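[1] the sequence isn't on hand, but the structure is:
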């Protein structure tokens, strides 16, 4: 399957009044879309209680991944086309059925020993990691902030808009797009026309042309 767009909903979207509008926009897509949920307030709870309870980073890592799945459950509940998918096979099956798979990352992520099991990896890096396993996929990071069109991956890391492992887990051939609040109004139309919301991050591979027809 070609032209897949992996849309990562930042955890901050969970508390945003724009969340429902983003869900509606994504569900207008005429191209295959896979949703990666952030951890949001669910992951923040894991952080807050780590020192209080005393669990180690490996436990916190797994708990934060489960926090992503909690947000994922919420997205499936409020969406019309969204379904849970925990494997690449389930992702492709959902796409073939005209659905929008929401990635439940726990099993795939914990099975890969190359992914660090601590706080240096967040849902942004995991979204990049997943995009690299879906041939030809593009990655769209949806955040509650706008950045200049000239922003680079290094600039996003330096501004702490993505985590330090993002560049490490991102395949060089994966185009990265960044979409903020200013891109929401046109997001539904762009996806309906086979395009990706936001703008391609500077220095990334050339975008794939929109679908014809």
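    Here it is on my side, so go on. Because the structure is predicted, anything quoted here is derived from the model rather than measured.
[2] name the SS class of residue 140, please.
    strand (DSSP: H, G, I helix; E, B strand; the rest coil).
[3] which non-adjacent residue is nearest it?
    Leaving aside its sequence neighbours, residue 140 sits nearest to residue 177 (Cβ to Cβ, 6 or more residues apart in numbering; 4.3 Å). Where you see a C-beta, it was placed from the backbone N, CA and C, and this is true even at glycine.
[4] the nearest residue to residue 35 once chain neighbours are set aside: neighbour count?
    Leaving aside its chain neighbours, residue 35 sits nearest to residue 102 (4.5 Å; criterion: Cβ to Cβ, 6+ apart). Using other Cβ atoms under 10 Å, residue 102 has 27 other residues around it.
[5] cool, and residue 158?
    Residue 158 has 12 nearby residues by other Cβ under 10 Å.
[6] phi, psi for it please.
    phi -60, psi -30 (degrees, to the nearest 10).
[7] quick one: residue 57 and residue 121 touch, right?
    No: assessed by Cβ atoms under 8 Å, residue 57 is found out of contact with residue 121, at 10.3 Å.
[8] more neighbours, these two?
    residue 121 (22 against 14).
[9] doesn't the residue nearest to residue 35 fall inside a helix?
    No: using three-state DSSP, the assignment for residue 102 is strand, not a helix.
[10] so who does it touch?
    34-35, 37, 72, 75-76, 79, 82-85 (Cβ atoms under 8 Å, 6 or more residues apart in numbering).
[11] buried sites along stretch 40-57?
    Buried residues in stretch 40-57, counted by 16 or more other Cβ atoms under 10 Å: 40, 42-43, 46, 50.
[12] next one: stretch 145-164
    147, 151, 153, 155-157, 161-163.
[13] mind giving me the packing neighbours of the longest helix along the chain?
    As far as residue count goes, and with DSSP state H defining each element, the longest helix of the chain is helix 57-78. The contact analysis (3 or more Cβ pairs under 8 Å, 6 or more residues apart in numbering; DSSP states H and E) places helix 57-78 against helix 19-26, strand 33-37, helix 40-53, strand 82-85, strand 100-103, helix 106-110, helix 123-131.
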